[in-house]
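Peer 1: Here's my sequence, what's the structure:
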Amino acid sequence: MIIDEDATAPVLNRLRRAQGQLAGVIAMIEAGRDCKDVVTQLAAVSRALDRAGFKIVASGMRQCLAAADPDEAPMTEAELEKLFLALA
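Peer 2: Numbering: from 1, shown residues only. Below you'll find the model as predicted:
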């Protein structure tokens, strides 16, 4: 799937932010930081990944409905729902 050009930069920014936050969580655990602080940062990573995933699904929904390959059937509504719910 090719992500819509308007969505690519925001998705990459969110993923890079999540990557940095995850590195911070690892460092916090290694440093023995308070559990509350670690969980708070881990929740931020999770939200950033969720937002990136939702943006990808939202921008790619039209592409998923149409077959990328003429010999390939388009995704069914059930398949799209399963893909979307994988992020829930």
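
Peer 1: surely L49 meets A18?
Peer 2: Yes - here L49 reaches A18: they are 5.2 Å apart, a contact under CB atoms under 8 Å. Every residue, glycine included, has its C-beta placed from N, CA and C.

Peer 1: Name the next helix or strand following the longest helix along the chain along the chain.
Peer 2: Across the chain, the longest stretch assigned as helix under DSSP state H is helix 35-65. Of the helices and strands lying after helix 35-65 in sequence (DSSP states H and E), the nearest is helix 77-85.

Peer 1: In that following helix, which residues are buried?
Peer 2: 80, 83 (16 or more other CB atoms under 10 Å).

Peer 1: Can you name every helix or strand that that helix contacts?
Peer 2: The contact analysis (3 or more CB pairs under 8 Å, 6 or more residues apart in numbering; DSSP states H and E) places helix 77-85 against helix 35-65.

Peer 1: between the helix it packs on and helix 77-85, how many degrees?
Peer 2: Orientation of helix 35-65 against helix 77-85 (axes from the mean of the first three to the mean of the last three CA atoms, to 10 degrees) gives an angle of 160 degrees.

Peer 1: Report the mean confidence score over helix 35-65.
Peer 2: Helix 35-65 carries an average pLDDT of 84.

Peer 1: The residue nearest the centre of the chain and Q21, how far apart?
Peer 2: The residue lying closest to the centre of the chain (CA atoms, centre = their mean) is G53, at 2.6 Å. G53 sits at a distance of 15 Å from Q21 (criterion: CB to CB, to the nearest Å).
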